[in-house]
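Q: Provided below are the primary sequence and the corresponding predicted coordinates.
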Amino acid sequence: MHNPIIKIRNLSKVYKLYDSPTERLKEALHPFGKKYHREFYALQGIDLDVASGETIGLIGPNGAGKSTLLKAITGVIAPTTGSVEVTGKISALLELGAGFNPDISGLENVYFNGAILGFSRDAMDRKLDEILSFADIGDFIHQPVKTYSSGMMVRLAFAVAASVEPDILIVDEALSVGDSRFKQKCLRKINEFIDKGVTVLFVSHDMASIKTFCRKAIWIGNGKIVEMGDSKEVCKRFANFMAYDMVPTQIQADAAAASGAPASYQWQDVAGCASVGDRSAIITRVAFFNSETEEPAELLEGGEPVAFVMELQVKEPVLQPILSIDIKNSLGILIFGVNSFFLEKEIPEMAAGEAHVVKFSFRLPYLKNGNYSLTAAVADGTYHSHVQNHIVHEAVTFQIANRDLQFRHYTVVNKECDIEYDRIR
Ligand SMILES: Nc1ncnc2c1ncn2[C@@H]1O[C@H](COP(=O)(O)OP(=O)(O)OP(=O)(O)O)[C@@H](O)[C@H]1O
């Protein structure tokens, strides 16, 4: 890469961890320099080149080292080893309140921050209207920052960061505390920066934002770069890792073999899920996956062919089984559902002691970006008169993250609708 705007070589950051403050004191006072600490690598051997105009999303589990990397790039912390070279003006939104003096007013902080970024008082005077109107916190601007709500703090911080025409914009999850209207306003502003060619580094646990804004994503785990590449691909693999890789595969295979069920499903145990019913038949485990690629359905776009499989153990006879799945949004509102009764799929009686595997295959509707859960149920009777045997809430959860703007506004997008149009005057 020619002249990267950020060049990182063999970057490591080591923190000293002490079991108690006394250990720290003992180390400081020890006449022969005895060590009382353990070393913890928050970052280890990071090599990274960022080209001007790139938009990069950083993803990874809690404590992976994402914020530490951003702090090293902005110069807030010094590397233990290695180097970070930055060419250009950085505007950064790090943790909440970082860069603000809590005892002085918001307005004084605006000038203070401007000065740190190299702007004179006159230059900040010229930017002030724009900053105040973007932050939109009214008279609170004259109050000390320590009286601000977290939302107000991030409003002011973003307004200042956006006003200084940076070459590199760094946003560390800060936007998550803003209300949704402000968040949208910030995201529009970030888009404007991207259009102008500003380099953007963005930490978020929200895969939809990462996929929307960032062409490239870097997955950080245990202080190292696990994977780097197209944001869609990296987000997908990270989401699958978070959902499934922590379950030892041998346990899954053993459980499948014991039940005689196909071992190929990536089963999820539902024992820990909230459930109700008379338990004549119980749902013991489930799997949800893309039926074309067979990858776990954790991070989706809508429109994919998917399959949901549930395993049932029958304790008492179920004479007229009805099997159903419901998909709910993050507020618990039912978005759509499917059941064997509606589908006129007659399921034969299930006898005590039997085990069954039921597979629903369908095309996922185009849903609004967000988090969803799937409730699975088995009942006995007819649609109007039945006994619930087992309803398992949030049997699986998944996220819809579609970077295509058209899918953002409607709860469900129906692409099958015809529109007729006549000009009448
Ligand atoms: N000053 C410090 N002293 C000791 N350990 C620290 C310090 N700052 C960070 N760490 C540790 O470094 C690791 C990486 O932290 P970091 O904040 O970079 O993670 P992260 O990926 O941003 O996590 P999250 O998604 O939770 O924000 C964590 O284990 C954290 O506890």
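A: Yep, it's here.

Q: Bridged to Ile282, which residues?
A: Following DSSP bridges, Ile282 is listed with bridge partners Gln313.

Q: Kindly apply the preceding question to Pro321 instead.
A: Per DSSP bridges, residues listed as beta-bridge partners of Pro321: Asp380.

Q: Enumerate every residue touching the closest residue to Thr375 other than its chain neighbours.
A: If the residues on either side of it in the chain are set aside, Thr375 comes closest to Asp326, at 4.5 Å by CB to CB, 6 or more residues apart in numbering. Any C-beta I mention is one placed from the backbone N, CA and C, and that applies to glycine too. Residues touching Asp326, when contacts are defined by CB atoms under 8 Å, 6 or more residues apart in numbering, comprise 334, 336-337, 374-375, 377.

Q: Return the member of those nearest to the ligand.
A: Out of the contacts of Asp326, the one with the shortest distance to the ligand is Leu374. That distance is 26.2 Å, counting by CB to the nearest ligand atom.

Q: Where do the helices of the stretch 1-150 of the chain begin and end?
A: Assignment of helices within the stretch 1-150 of the chain using DSSP state H, counting those that start in this stretch yields the ranges 21-29, 66-74, 106-116, 121-135, 150-163.

Q: First-to-last residue distance for stretch 342-359?
A: As for stretch 342-359, its first-to-last residue distance stands at 16 Å under the measure CA to CA, to the nearest Å.

Q: so Asn10 makes contact with Leu43?
A: No: with the criterion set as CB atoms under 8 Å, Asn10 and Leu43 do not qualify as a contacting pair; they are 10.2 Å apart.

Q: between those two, which one's more packed in?
A: The residue with the greater number of neighbours, taking Asn10 and Leu43 and applying other CB atoms under 10 Å, is Leu43; the counts read 28 against 12.

Q: Touching, that one and Gly221? I think so.
A: No: no contact is recorded between Leu43 and Gly221 when judged using CB under 8 Å, the distance being 11.5 Å.

Q: what does the average pLDDT come to for the biggest strand by length in the chain?
A: The strand that spans the most residues within the chain, counting by DSSP state E, is strand 386-400. Mean per-residue pLDDT for strand 386-400: 92.

Q: gap between whatever helix or strand comes next after that strand and the chain center?
A: On the C-terminal side of strand 386-400, the nearest following helix or strand under DSSP states H and E is strand 412-413. Shown here is strand 412-413, whose average C-alpha point lies 22 Å from the average C-alpha point of the whole chain (CA atoms, centre = their mean, to the nearest Å).

Q: count of neighbours near whatever residue of the stretch 251-400 of the chain ends up closest to the ligand?
A: Proximity to the ligand, evaluated over the stretch 251-400 of the chain using CB to the nearest ligand atom, is greatest for Gln399 at 16.4 Å. Using other CB under 10 Å, the number of residues around Gln399 comes to 19.

Q: contacting residues for it?
A: With contact set as CB under 8 Å, 6+ apart, Gln399 has these partners: 207-208, 239, 298-300, 370-372.

Q: One more: Arg121?
A: By CB under 8 Å, 6+ apart, Arg121 lies in contact with 111, 114-115.

Q: what does stretch 286-298 contact?
A: Taking contacts as CB under 8 Å, 6+ apart, the residues outside stretch 286-298 that touch it are 236, 239-240, 242-244, 264-268, 270, 300, 304-311, 361, 364, 374, 376, 392, 395-396, 398-399.

Q: what about 7 Å?
A: Residues lying outside stretch 286-298 but in contact with it, judged by CB atoms under 7 Å, 6 or more residues apart in numbering, are 239-240, 243-244, 265-268, 270, 304-310, 361, 374, 376, 395-396, 398-399.

Q: Give the buried residues for that stretch.
A: Within stretch 286-298, the residues that qualify as buried are 286-291, 295-298, counting by 16 or more other CB atoms under 10 Å.
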